[in-house]
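Student: Dropping a prediction and its sequence here:
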Amino acid sequence: MQYGFEELEAHRIIAMCNPENTSSWRLLERLLMRREGHHIKKAFFNKTDEGQPIWHNAYQYAI
């Protein structure tokens with residue numbers, strides 16, 4: 001984040017993670033990022049054997 005803010009002069013940095021991945025969102029919170037959203041069925045990466053999408057939720061963090 002230091003590189004992003006200082007070298008790239010970013011105004012904002014965001015991160016997204018799966019709400020079921022406790023280690024990921026705890027890390028983002030330790031980095032003082034704030035949870036700004038809980039997106040339901042944000043994206044799918046796999047399909048069932050019948051071809052139906054398997055949707056995933058996501059937390060959005062920002063600083």
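Tutor: Looks like it came in fine.

Student: Would you mark the buried spots in the longest helix along the chain?
Tutor: Counting residues, the longest helix in the chain under DSSP state H turns out to be helix 22-30. Taking 16 or more other C-beta atoms under 10 Å as the neighbour-count basis, helix 22-30 is seen to contain the buried residues 24-25, 28. Just so you know, the C-beta spots here come from the backbone N, C-alpha and C atoms, and that holds for glycine as well.

Student: do the same with stretch 3-16
Tutor: Within stretch 3-16, the residues that qualify as buried are 15-16, counting by 16+ other C-beta under 10 Å.

Student: got it, and stretch 41-61?
Tutor: Of the residues in stretch 41-61, those buried by neighbour count under the rule 16+ other C-beta under 10 Å are 56, 58-61.

Student: circling back to that earlier point, redo the buried residues of helix 22-30 as a markdown table? Include pLDDT and distance to residue 52.
Tutor: A markdown table is the format used below for the buried residues of helix 22-30 (pLDDT from 0 to 100; distance: C-beta to C-beta, whole Å):
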| residue | pLDDT | distance to residue 52 |
| --- | --- | --- |
| 24 | 97 | 26 |
| 25 | 97 | 27 |
| 28 | 98 | 30 |
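
Student: which among the buried residues of stretch 41-61 gets closest to residue 32?
Tutor: Of all those, residue 61 has the smallest distance to residue 32: 9.8 Å, by C-beta to C-beta.
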